[in-house]
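Novice: Here's my sequence, what's the structure:
(one chain, ligands or ions: 1)
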Amino acid sequence: MTSVLETASAVTARAPAKVNLELGVGALRPDGFHTLSTVYQAVGVFEEVTVATADEWGVSVRGRDAELVPTDESNLALRAAMLLAERAAVEPVHITIHKDVPVAGGMAGGSADAAATLVACDALWDLGLGRSGLDPIAAELGSDVPFLLHGGTAVGSGRGELVTPVLARGSYHWVFVPTPASGLSTPEVYAAFDELSAGHDVPEPEPSPAMMAALRQGEPEALGAVLSNDLQAAAVRLQPQIGDVIDAAMSFGALGAIVSGSGPTVALLAAGQEGAIDLAVSLTASGAAADVIRAIGPVAGAHVIPAPRLT
Ligand code: C5P
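Specialist: Presented below is the predicted three-dimensional model:
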């Protein structure tokens with residue numbers, strides 16, 4: 001029987017953002033990346049990507065921070081489609097991205113675009129690769145892209161691209177505070193980390209038993225107490241107002257407050273849905289945050305959805 005996807009000329013997929021519950025950074029490797037041990041959680045802020053057969057390759061971007069996203073061949077979604085196309089004789093596609101994830105915020109919005117594009121093109125071109133078949137291509141595109149294919153809660157090792165699911169109970173309510181100032185570039189934050197750790201021994205990072213125990217327990221209070229990020233000091237040094245947001249959030253009752261990935265977005269763990277609403281209101285009403293995004297984690301990774309949204 002012919003499936004709908006086999007005859008479609010456009011496919012839409014969406015992919016979530018991520019937060020690093022734990023981000024252990026090791027030494028700089030000869031290839032310019034750092035050894036990582038991280039625990040990722042996919043959170044319910046989504047990028048939506050439609051790929052449609054077209055005469056030439058192209059990309060257009062709508063939604064949050066759209067004007068900051070490049071639409072030339074440096075666009076990660078376009079690179080994802082073109083890299084996958086090298087595997088098969090396929091027609092070009094035009095990619096339409098609808099963004100909800102802040103650009104350059106440390107929540108992996110660009111990586112989510114790439115993950116959604118891979119899943120959508122796999123369906124459009126009927127390649128049948130599935131998530132595991134797409135993994136090596138995802139890894140070539142960026143350290144976070146394989147995790148965003150899989151979603152859930154997982155340990156990332158290598159440079160972040162080697163993903164192993166972990167046993168994690170519970171559902172968590174997050175409040176994200178994107179800083180209004182311009183984003184921090186990931187390489188810049190890693191370079192500041194190198195400067196701060198110069199002259200010290202940087203141990204090989206590994207998942208902490210305390211984090212694994214908190215995830216098995218599934219209580220937000222337990223998880224809030226063990227959130228950690230080795231890039232936080234570097235991010236705060238580059239953008240000191242991050243530290244003010246963290247202090248304000250803790251005083252308003254957050255269970256934990258951490259820089260998301262390489263920042264500058266701050267991720268706050270709240271006590272349930274009511275706690276998240278209270279925290280969001282306190283932060284915005286006090287002026288400590290201009291804008292907040294609420295999301296639940298964990299959620300599923302990149303997947304095809306029936307149709308694009310209309311707005
Ligand atoms: O893999 P991704 O494209 O996200 O990496 C962007 C940059 O972040 C790298 O070029 C590198 O400077 C830095 N990075 C790193 N170690 C990692 C991941 C990223 O130094 N494990």
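
Novice: Please make it C-alpha for all contacts and neighbour counts, starting now.
Specialist: Noted.

Novice: Just after the helix or strand bottoming out on mean pLDDT in the chain, pick out the following helix or strand.
Specialist: Taking mean pLDDT, DSSP states H and E as the measure, the chain has helix 4-7 as its least confident helix or strand, at a mean of 50. Sequence order places strand 10-28 as the next helix or strand after helix 4-7, per DSSP states H and E.

Novice: can that following strand be found next to the ligand?
Specialist: No. Strand 10-28 does not reach the ligand (C-alpha under 6 Å from any ligand atom); its nearest approach is 6.8 Å.

Novice: Show me what the helix or strand following that strand pairs with in its sheet, parallel or antiparallel.
Specialist: The helix or strand immediately downstream of strand 10-28 is strand 34-53, counting by DSSP H and E. Applying DSSP bridges, strand 34-53 is found paired with strand 10-28 (antiparallel), strand 93-99 (antiparallel), strand 153-157 (antiparallel).

Novice: Is strand 34-53 in proximity to the ligand?
Specialist: Yes. Using C-alpha under 6 Å from any ligand atom, strand 34-53 reaches the ligand at 34, 35, 36.

Novice: OK, contacts around the last one?
Specialist: Okay, so that is residue 36. 23, 24, 25, 26, 156, 157, 158, 159, 160, 205, 206 (C-alpha atoms under 8 Å, 6 or more residues apart in numbering).

Novice: In ChimeraX, select just the buried ones from those residues.
Specialist: In ChimeraX, this line selects whichever of the contacts of residue 36 come out buried by 16 or more other C-alpha atoms under 10 Å:
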select :23,24,25,26,156,157,159,160,205,206
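
Novice: Which residues of this structure lie near the ligand?
Specialist: So the chain meets the ligand at 32, 33, 34, 35, 36, 142, 143, 159, 160, 186, 187, 190 (C-alpha under 6 Å from any ligand atom).

Novice: Quick one: buried ones out of those residues?
Specialist: Here, 16+ other C-alpha under 10 Å leaves 33, 34, 35, 36, 142, 143, 159, 160, 186, 190 buried among those.

Novice: can you pull the pLDDT of residue 227?
Specialist: On pLDDT, residue 227 comes in at 98.

Novice: Near it, how many other residues are there?
Specialist: Residues within reach of residue 227, counting by other C-alpha atoms under 10 Å, total 23.

Novice: Just to check, it is in contact with residue 38?
Specialist: No. Residue 227 is beyond contact range of residue 38, at 10.9 Å (criterion: C-alpha atoms under 8 Å).

Novice: separation between residue 296 and the ligand?
Specialist: Distance, residue 296 to the ligand, by C-alpha to the nearest ligand atom, to the nearest Å: 23 Å.

Novice: So that residue is in contact with residue 173, correct?
Specialist: Yes. In this structure, residue 296 is within contact of residue 173 by C-alpha under 8 Å, at 4.8 Å.

Novice: Neighbour count: the two, which is higher?
Specialist: Shown here are residue 296 and residue 173; by other C-alpha under 10 Å, residue 173 has more neighbours (22 against 19).

Novice: did I read that right, that one in a helix?
Specialist: No. Read with DSSP: H, G, I helix; E, B strand; the rest coil, residue 173 is strand and lies in no helix.

Novice: For the helix of greatest length in the chain, name the packing helices and strands.
Specialist: If you go by DSSP state H, the chain has its longest helix at helix 109-124. Here helix 109-124 touches helix 4-7, strand 10-28, strand 34-53, helix 76-85, strand 93-99, helix 130-141, helix 145-150, strand 303-305, going by 3 or more C-alpha pairs under 8 Å, 6 or more residues apart in numbering; DSSP states H and E.

Novice: most tightly surrounded among those?
Specialist: helix 145-150 (a mean of 29; mean count of other C-alpha atoms under 10 Å).

Novice: Contacts for that helix, please.
Specialist: Under C-alpha under 8 Å, 6+ apart, the answer for helix 145-150 is 15-18, 40, 42, 111-112, 114-116, 119, 131, 135-136, 138-139, 154, 156, 161-163, 300-303.

Novice: what's near enough to touch the closest residue to residue 39 other than its chain neighbours?
Specialist: Of all residues not flanking residue 39 in the chain, residue 155 sits nearest, at 4.4 Å (C-alpha to C-alpha, 6 or more residues apart in numbering). Taking C-alpha under 8 Å, 6+ apart as the criterion, residue 155 is in contact with 37, 38, 39, 40, 163, 164, 165, 166, 207.

Novice: So for the residue nearest to the last one when sequence neighbours are not counted, what pLDDT did the model give?
Specialist: The spatial neighbour of residue 207 that comes closest, neighbours along the chain excluded (C-alpha to C-alpha, 6+ apart), is residue 37 at 6.0 Å. At residue 37, the pLDDT value in this model is 98.

Novice: Would you mind measuring from residue 37 to residue 159?
Specialist: Applying C-alpha to C-alpha, to the nearest Å, the value for residue 37 to residue 159 is 8 Å.
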